[in-house]
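J.: what would the 3D arrangement of this be:
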Amino acid sequence: MQPDKLRRLETWLLHAAPPKDAPAVALLIDFVPVSGGAASSPFFAGETLSAEIVFYPSATPLRGLIATRTPSSAETIKWPEFSAGLPAALADYENTLARQPWIDYWPLRASALTIERQSAQQLALADAGGHSVPIERSQTDALTPLLGLGPISALFMWDGTSATLLAADTSIGRWHET
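T.: Numbers count the residues shown, from 1 in each chain. Alright, predicted model coming up:
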């Protein structure tokens, strides 16, 4: 909850086929009064839509607004291709941090990953090259069914210390944070 009695609702959008040098991820932020009762995003996890997103001016565009939305077909959209392994994703974070050093977190994308157990309460995203990043502990229960299932392709938030999985494409279907 925000200190001004507003609830912040975040919706993460992943572009299935981003044009070169265009943002592949957009964050929509809505604010609703707490006094209005329970509120949720106008979108559901895994929903596909066709829309034009405009981004707020930034050295690292992320927050956007839907400018226009057109009806989308009911067909399943192919999951986008991501770079294999964690080094390219983490380099993207470092490049973003160099352009905007005060960011708290940044969405990263990588493929050819597995979810592994590091300890009883700690999971990690790992790649075949031996690189791994810890996953936010609050996601342990939700991600336990994906242990050892691989390779997966993942969209995750990275704050420099831990990853929060937002969505993943797996051999048994897509997983979405709800």
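J.: what domains does the record give for the protein?
T.: Following automatic domain parsing, one gets these domains for the chain: 6-70, 86-176.
J.: among those domains, which is the most enclosed?
T.: domain 86-176 (a mean of 16; mean count of other Cβ atoms under 10 Å). (Glycine included, C-beta is placed from N, CA and C.)
J.: now residue 144: closest residue in space, sequence neighbours ignored.
T.: Of all residues not flanking residue 144 in the chain, residue 123 sits nearest, at 7.6 Å (Cβ to Cβ, 6 or more residues apart in numbering).
J.: my guess is that neighbour contacts residue 140. True?
T.: Yes - contact status for residue 123 versus residue 140: in contact at 5.7 Å, counting by Cβ atoms under 8 Å.
J.: spell out the secondary structure type for residue 168.
T.: Going by DSSP: H, G, I helix; E, B strand; the rest coil, the secondary structure assigned to residue 168 is strand.
J.: an error on my part: the question was meant for residue 98.
T.: From three-state DSSP, the assignment for residue 98 is helix.
J.: how far off centre is stretch 35-54?
T.: 15 Å (Cα atoms, centre = their mean, to the nearest Å).
J.: could you do stretch 87-107 as well?
T.: Worked out by Cα atoms, centre = their mean, stretch 87-107 lies 14 Å from the chain centre.
J.: please apply the same query to stretch 170-178.
T.: Centroid separation between stretch 170-178 and its chain, computed with Cα atoms, centre = their mean, is 12 Å.
J.: so what's the model's average confidence on that stretch?
T.: Per-residue pLDDT values over stretch 170-178 give a mean of 87.
J.: now do the same end-to-end measure for that stretch.
T.: Using Cα to Cα, to the nearest Å, one end of stretch 170-178 lies 17 Å from the other.
J.: residue ranges with poor pLDDT in this protein?
T.: Applying pLDDT under 70 to the chain flags residues 1-3, 37-39, 72-75.
J.: if we go to 90?
T.: 1-11, 14-24, 30-51, 69-81, 119-121, 148-150, 173-174, 176-178 (pLDDT under 90).
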